[in-house]
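Trainee: test case, fold it:
(2 chains)
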There are 2 protein chains.
Amino acid sequence: MQHKNGFQSGSQNGDLDFTSCDAGNGCLNKNNFAKRWDHLLSKEAITRQGSIFQAMHGTLVDPAILSLGPGAPSPEYFPFDHTSLQVPSAREIAVLGPNYAKVTLTANKNDTRAGRSDYDLSSALQYGVGTGARQLLDFMTEHTKQVHNPPYQDWKCVITGGNTSALDLALRTFTDRGSYVLADEYTYATAFECASPLGVKILGIKLDEEGPIPSELDRVLTGWNEDRMESKKPHLMYMVPTGHNPTGATQSLERRHEIYRLAQKHDLYILEDDPYYYIQLPANVSEHVEDVTQSIPFSVVPKTDLLPSLLSIDTDGRVFRMDSFSKILAPGLRTGWVTASSQVVERIVRAHETSLQNPSGFSQIVLYKLLSETWGQEGLMSWFSHLQVEYTIRRDALLRACQRYLPAKVASWKVPRAGFFMWIKINWLLHPLARQIGQRGVEMQIYDTAIKAGVLVVPGTWFQPDPSIALLDVFFRITYASLRPDIMPEAVERFGEALRSCFEVLD
Amino acid sequence: MQHKNGFQSGSQNGDLDFTSCDAGNGCLNKNNFAKRWDHLLSKEAITRQGSIFQAMHGTLVDPAILSLGPGAPSPEYFPFDHTSLQVPSAREIAVLGPNYAKVTLTANKNDTRAGRSDYDLSSALQYGVGTGARQLLDFMTEHTKQVHNPPYQDWKCVITGGNTSALDLALRTFTDRGSYVLADEYTYATAFECASPLGVKILGIKLDEEGPIPSELDRVLTGWNEDRMESKKPHLMYMVPTGHNPTGATQSLERRHEIYRLAQKHDLYILEDDPYYYIQLPANVSEHVEDVTQSIPFSVVPKTDLLPSLLSIDTDGRVFRMDSFSKILAPGLRTGWVTASSQVVERIVRAHETSLQNPSGFSQIVLYKLLSETWGQEGLMSWFSHLQVEYTIRRDALLRACQRYLPAKVASWKVPRAGFFMWIKINWLLHPLARQIGQRGVEMQIYDTAIKAGVLVVPGTWFQPDPSIALLDVFFRITYASLRPDIMPEAVERFGEALRSCFEVLD
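Mentor: Predicted coordinates:
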């Protein structure tokens, strides 16, 4: 875990130095470096300068030099002397599942000087660096190596302010006003809400149950007419490959390879937004637990092998992978991490320096204490197994409720293999007024009727990047993430009532 | 404290509603509303849409509605059950100064349901809203009312990710590529490092010891030639009015009024970046404490009356005031607050929704527990008095050391009335090679010689927004914020040695 990621005094406008193979994150079997992406960078990204102050901070590494330089307040004036936190013990998670015991972590101002920790409150609450805290970055880099092991030498991680912030910075790094970005025909709404004010247009690629259809992607790019589209051929594609929001689709390994080959063919750079990666669930719905208020013992549900990410097949360094703590620990941490080639990560670090700077020190020290000092790499994987068990219980409760309460003629769905969402397809042509009110009329009526029946479900059109495109189908997104399994049947029953009422179905 | 700032279901693209005088933040004596700034907004800001999901979250206020909607993880899967924090007791600060006693604050997951607090860990660690947490926002709004009392009705606060993040969003809200922003001839370096990648140019206004010179500001704007400058007349001015970084200047009240009148004359919108506002210090240097390792008793240093901010004289709503917790509590909180007219704050909230979303929940709950539940408004003001005492001790230690160790012919300075910095003017013409190496040569030699002598000081040119402009003088910025008062004399003595060596001065 001796990665050299704390590059606060790194070179300006250039790559981070790689002086030895060891710095290349386990490069023994990798001879290739990432491709250069200069030709894809935005005007903004090209002109991001490293701060002249970075050099000054470098000087301060020498303890013999007294500082009249940076205007950093003295830690004795931080009114936080000591913080403690109760968390699950990782060893216990593996044995006991949700009945884990708890341990208390503490952080004091001067733990580092006292030899008690590599990271203390004085440091966490001081100004930081655009990479995020080195101590946390080291842990996440090691984690990324163990899980994804990107097949090129010069990859790096950077701690971010969560995936929405990372996406904002990625779009500012790779697009200028007027560019097109490829995404899915239904996609995470914040992605296009983030792109639109930047003057960036989203073009949706048709989906099947494994995500974007390769032949459609190839057709759009091969046939791109710059005059007709009034824009250059897109060089950026945004995707949520695992537990897709909103459709719940997970790209198979073969699909990932097909998309990656097309990205190589068309010089596409990929934004892999993967917050649900660790919430991969078994294919088969568990039938053995009838009373969903009872937890399944931890050992009953088999561990799910994690599908390889796009990053893990990325020989060119053309993937910008965004991971988030929001779904796996807590959204309020507002923290995540990005993995990409050194060139691209350096541009993001520069962007951090003139925007969020780095995530909250409280978030960073809490994560460091929990992950690095308490759980370790194995403990974190145990926590993911725990979440997989819990979300399997919830998914299966939702699926059983759908089978029981939704009218089969009207509603159909696939079993989601990851994430938080089920995508309910509505056979809208069965609606008595189908021809008069059309797809959108049917969708709106169902939404309103469901609210009146006391349940909130999300209309598919809310996920359409371009609402002017006519859609053939009607969908609703429903989630198993937020309701307790014992309440879910009631919610689905209400949705079923709403559908029956709209479609005048009796059975 | 019944402000209605939690406008998560506010109108899209419009103002926040003000349905009663009470919502106008104490508007009994104010009949005026802020001017509209539509004509100054950037392309990006104009096209920021409110998320359609905001309406959905509004629906969930009704407890009768079961949610299959937002993909928010269930708080039972946040692995943080309990957190506690040791902080100074505010009552004690006022009596005992730095020898304050400590109290322990605690937050649990379900404090709100249990009636123990208005804000708990489940809420802080869940997804939030672009305004920041309502509970913290209420406190900062009340604080802003008590301290600044903006003289128009429809002002609002929003919790930000600190002043660098707020400045990034402000520039994106008020500038397009190619625009000019006015600032000072020497200014906070991050401001121009933030502007430059956005394609925004900074034009520096000449300074005196009270900040930007009004006649210079008027001259630049009156004589603006769009053809020659290849850009429209600027409509935005950035300033650090109190304890200016790097010059230490503080604008007098009369200067603030002059600048505001010119802003009205030229339709300038003002970015008031004021992180040192609460670090206002007495004018007279204390002579009565010789041993600077001993603290001055709290009661010895008179309380400093705070100068009115630009916000507090802003009848038009043309000031975007940025406050930060970095200098007054801790930089690692990465949290601050902005005050501006409702129209502008709404645009920032929309920008938050597609970037940082909201500050870390850990930062927010820590601030809420400390400020709202422990210190209260008066306690926070006591803390500022405590900081004023401490920084007065440090400033005075630095001043005495400068008097003692810097060669009087070569170095001169003014006593800073606020902030962290002293601005040392170097009589560079006395340098033996002045004519050969010029100002920059002298500056560089001093910097290098100081480092060799074991002290870091910051060259004035590092704060020049446009380094191509020739400067007449040589300056160094030094800070009293980071070194202990007993170490400061040694640091200044080294700087003095460096100056003597460069200038071949013996006395």
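
Trainee: in chain A, what secondary structure element scores lowest on mean pLDDT?
Mentor: helix A:90-96 (a mean of 62; mean pLDDT, DSSP states H and E).

Trainee: and the following helix or strand past it, which strands flank it?
Mentor: Once helix A:90-96 ends, the next helix or strand along the chain (criterion: DSSP states H and E) is strand A:102-108. Paired with strand A:102-108 in the same sheet, following DSSP bridges, are strand A:82-88 (antiparallel).

Trainee: how far does the partner strand sit from its chain's centre?
Mentor: Between the mean C-alpha location of strand A:82-88 and the chain-wide mean there is a distance of 26 Å, by C-alpha atoms, centre = their mean, to the nearest Å.

Trainee: same check, this time on stretch A:205-221
Mentor: Stretch A:205-221 has its C-alpha centroid displaced from the chain centroid by 21 Å (C-alpha atoms, centre = their mean).

Trainee: what's the average pLDDT for that stretch?
Mentor: Model confidence over stretch A:205-221 averages 96 on the pLDDT scale.

Trainee: same thing with stretch A:421-435?
Mentor: Throughout stretch A:421-435, pLDDT has a mean value of 97.

Trainee: also stretch A:157-171?
Mentor: Per-residue scores along stretch A:157-171 average to 98.

Trainee: mind giving me the domain ranges of chain A?
Mentor: A:21-56+A:132-274+A:309-359, A:406-503 (automatic domain parsing).

Trainee: closest point of the stretch 351-500 of chain A to chain B, which residue?
Mentor: Sorted by distance to chain B under C-beta to the nearest C-beta, the residues of the stretch 351-500 of chain A start with A:G361, at 2.6 Å. In short, each C-beta sits where N, CA and C put it, glycine included.

Trainee: that residue - how many residues pack around it?
Mentor: Using other C-beta atoms under 10 Å in any protein chain shown as the criterion, A:G361 is surrounded by 28 other residues.

Trainee: need the longest helix for chain A.
Mentor: The longest helix of chain A (DSSP state H) is helix A:376-405.

Trainee: right, and the helix or strand after that one?
Mentor: Counting by DSSP H and E, the next helix or strand C-terminal to helix A:376-405 is strand A:411-412.

Trainee: what sits up against that next one?
Mentor: Strand A:411-412 is touched from outside by A:C402, A:I424, A:K425, A:I426, A:N427, A:L499, with contacts defined as C-beta atoms under 8 Å, 6 or more residues apart in numbering or on different chains.

Trainee: ok, that strand: who's next to it in the sheet?
Mentor: strand A:421-426 (antiparallel).

Trainee: and the angle for the strand it pairs with with helix A:376-405?
Mentor: Orientation check (axes from the mean of the first three to the mean of the last three C-alpha atoms, to 10 degrees): strand A:421-426 against helix A:376-405 gives 20 degrees.

Trainee: go through the helix or strand following strand A:421-426 and flag the buried ones.
Mentor: Beyond strand A:421-426 in the direction of the C-terminus, DSSP H and E gives the next helix or strand as helix A:434-453. Of the residues in helix A:434-453, those with enough neighbours to count as buried (16 or more other C-beta atoms under 10 Å in any protein chain shown) are A:A434, A:Q439, A:V442, A:E443, A:Q445, A:I446, A:Y447, A:T449, A:A450, A:I451, A:A453.

Trainee: helix A:434-453 - contacts with which helices or strands?
Mentor: Judged by 3 or more C-beta pairs under 8 Å, 6 or more residues apart in numbering or on different chains; DSSP states H and E, the packing partners of helix A:434-453 are strand A:421-426, strand A:458-459, strand A:474-479, helix A:488-503.

Trainee: mind running it again at 10 Å?
Mentor: Helices and strands touching helix A:434-453, by 3 or more C-beta pairs under 10 Å, 6 or more residues apart in numbering or on different chains; DSSP states H and E, are strand A:421-426, strand A:455-456, strand A:458-459, strand A:474-479, helix A:488-503, helix B:52-59.
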